[in-house]
Every structure is written in C-alpha cells, then in structure tokens.
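Colleague: this is a predicted model, with the sequence first.
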Amino acid sequence: MKILITGASGFIGGFLAAEGIRRGYEIHAGIRATSSRKYLPEGVRTVTLDLDDRELLRQQLSALGRFDYIIHNAGVTKCNKKTDFDRVNYQYTRHFVEALTESGTIPKKFLYVSSIAAYGPGNPVTLEPVRLSDTPHPDTLYGVSKLKAERFIAAQKDFPYLFIRPTGVYGPREKDYFVFLKTVNRHLEPAMGLKKQHLTFVYVTDLANVIYMALESEYVGKAWFVSDGKEYDNREYAAIVKKHLDKKALYLPVPLFLVKAISAVLDTVCGWFGVTPTLNRDKYRIMRATNWKCETEPLQKELGFVAEYDLDKGIEACVEWYKREKWL
C-alpha cells in the first residue's frame, strides 16, 4: 500500500516515514525541492510537491497517481510573518484538498495532523480537560489556522478525513522543548508565570504509532486528542529533566508581564533579520495557559492506544540522543 506523507523532512515527518517503512508500506515523502533529506530513512521515495501552487500541485498529483493513504503533516508552528500561519496551515491545506479532488486522486483516508491548539487550552479554574464535545476557542494564530483547515476539510462532501490533535510533541531532534533542556543544563529552571501549569505530552514515536493505528482502523470522519494519557505540572516536568541531566538548577519564576514583553521584543528584533525566535507572541499565548489537559479515553477505547513512553522514559531517551549527537 502506498502512503504519501507531506512535511516528511521535518521533526514529526521523519518519524512518520520511519514508522511507515517499519510497517511495510511504500512511503512517498512529499517535500519541497529545498528540503533536507538528512533524517529520511532508507527506502523512502521522495516527491516534490508545490503546495503553494494549486494548479501545479494538481498536475503533480495526477502524475503520481492515487495513494491508499495520505498523512498531511506539512505546516508551521512558528513563523516570522504572522500571515504565514494562515497561508501555510490553511491555504496550503485547501490547495492540497482541492487538487486531490480535481485530479481524481482522493485517497482511502486523508489524515490531517492538527493540534490541541485548534481547540485552545482548558478551563483554568475548573481544570477540566479539553473534550471532543467542547466548542473550540483557539487563542493563538497557530491554533486558529489549524482549526480553519480542519473545518475546510470536514466541509468537503464524501471526503474520508481523520484528525489527530496531539498535545506537546517531543523527542529526539525536536528543538523547542530542547531549549528548556539546554537551559536546565546551564543550571537555570525558568517558569512561565507564578501559577502551576498543568501539561500533557506525547513522545514522537507514540504519535507516529497512533497515526498508523488510525489509518488502519475502521474509522473515517473522526478526531482524537493524543497524549501519553498522563498529566504533569511544570515543576514535575522540570524535576524529570533535572534527574536525567543529573543537574541542579535555580528555580526562576518569571512574571507573565515580563515574559510577554520579552516575547514582543524578540519578535520585533528577530523579525528585522528574518528569524523566528522560539519565544514569540504566539508561543507566549500557549505558554501562559495553565491547563493543557485533554481527554484521551476515546483514543484508548476506539484505537486501543497505550503509550510506550511516559514523560520520564521519553526525557531519558531525549537526553541520551541529545548527548550522543553533541547537542548537549
């Protein structure tokens, strides 16, 4: 069976390609001509897709023929121009779906890798988890763009979609959470705001496993939140990181008003040089939220998913990789 993975050269995409090869699929990595192939596993076939040009994309898909499954993983989580969230996450997705329809190459299943950010954080007072039955209220440009893409896909007649909405995805090669590990490695433990944050995570290989479980399931027209099934607070997360780095660190809670100011300055200054900082205005909105819990019972019941990695095991694996590759 043939699977097309967009965004295959990125952090999550490389693991999706590897898991597909492991399961015996014929994997086609949809990438840009300029994309790195460094982490694409052996056996993957690369194809160039121009998601920004619908007509050219239609021609490319017609030439490639019909895939059994498509995993649409391409997108941006941070960008210098804020309009790029809508352009890449929504407009490119729209181009892709329309080109598939016009070329007659709609697959058996089209799985869109979305995000919990499409729904926004949970209630900070009740600390109830975000549920599939909730009304989405994304509070970031990133989340708005992912929800907009979801709604466009779901509105297509007889389109066989699935939505996967992961929480914080981490693992080897990931760069944003790595910033915290690097900071702790320098004996500092920064905390965003003065309130306890309730966090959820999923290790990247567990996410890849869930995605293939969903493709191989009987379901179409479904969505799931994805985490390892556990909940952590920010101090627990830091304690796990310190344990596996074998470091002590100075706890440094930073008031939100200061984090907001720093993110604005970094956004502006880095923007002058065309660089997107890890801490920016959109990331600040995510980091200020105190409740990122989500329901995982449907995922467990319907797909039978049980995470191989909790945060302790996952951070241990990350630290080993970062040290081996000389990132730490």
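Modeller: Yep, it's here.

Colleague: where does the prediction get shaky in the chain?
Modeller: The chain contains residues with pLDDT under 70 at 271, 273, 276.

Colleague: show me where it has strands.
Modeller: For the chain, the strands defined by DSSP state E occupy 2-6, 26-31, 45-48, 69-72, 109-113, 161-166, 168-170, 188-192, 198-199, 201-203, 222-226, 232-233, 250-254.

Colleague: could you dump those into TSV with mean neighbour count added?
Modeller: Bear in mind the C-beta positions are built from the backbone N, C-alpha and C, glycine included. What follows is those, written out as TSV (neighbours: other Cβ atoms under 10 Å):
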stretch	mean neighbour count
strand 2-6	25
strand 26-31	23
strand 45-48	14
strand 69-72	27
strand 109-113	24
strand 161-166	22
strand 168-170	22
strand 188-192	18
strand 198-199	20
strand 201-203	26
strand 222-226	22
strand 232-233	18
strand 250-254	11
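
Colleague: out of those, which gets nearest to A154?
Modeller: strand 161-166 (6.4 Å; Cβ to Cβ).

Colleague: beta partners of the nearest residue to F225 once chain neighbours are set aside?
Modeller: Using Cβ to Cβ, 6 or more residues apart in numbering and skipping residues adjacent in sequence, the residue nearest F225 is C294, 4.0 Å away. C294 has these beta-bridge partners by DSSP bridges: V130.

Colleague: got a list of what C294 touches?
Modeller: Residues in contact with C294 (Cβ atoms under 8 Å, 6 or more residues apart in numbering) are I116, Y119, G122, P129, V130, R131, R165, T167, T200, F225, S227.

Colleague: now swap in L252 and tell me
Modeller: L188, E189, P190, A191.

Colleague: roughly how far apart are it and H72?
Modeller: 39 Å (Cβ to Cβ, to the nearest Å).

Colleague: where along the stretch 51-200 of the chain do the helices fall?
Modeller: Counting by DSSP state H, counting those that start in this stretch, the segments of the stretch 51-200 of the chain that form helices are 54-64, 83-84, 92-103, 141-154, 176-185.

Colleague: using JSON lines, lay out the ones you listed together with mean neighbour count and distance to Q300.
Modeller: Shown next, in JSON lines, are those (neighbours: other Cβ atoms under 10 Å; distance: least, Cβ to Cβ, whole Å):
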{"stretch": "helix 54-64", "mean neighbour count": "17", "distance to Q300": "35"}
{"stretch": "helix 83-84", "mean neighbour count": "14", "distance to Q300": "35"}
{"stretch": "helix 92-103", "mean neighbour count": "20", "distance to Q300": "28"}
{"stretch": "helix 141-154", "mean neighbour count": "21", "distance to Q300": "22"}
{"stretch": "helix 176-185", "mean neighbour count": "17", "distance to Q300": "24"}
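
Colleague: could you dump the ones you listed to CSV with distance to A239?
Modeller: CSV is the format used below for the helices of the stretch 51-200 of the chain (distance: least, Cβ to Cβ, whole Å):
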stretch, distance to A239
helix 54-64, 47
helix 83-84, 36
helix 92-103, 39
helix 141-154, 28
helix 176-185, 10
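
Colleague: list the contacts for K109?
Modeller: By Cβ under 8 Å, 6+ apart, the neighbours of K109 are D68, Y69, I70, P160, Y161, L162, L215, V220.

Colleague: of these, which pair is most distant in space?
Modeller: The distance between the two most remote of the contacts of K109 (Cβ to Cβ) is 14.9 Å, for D68 and Y161.
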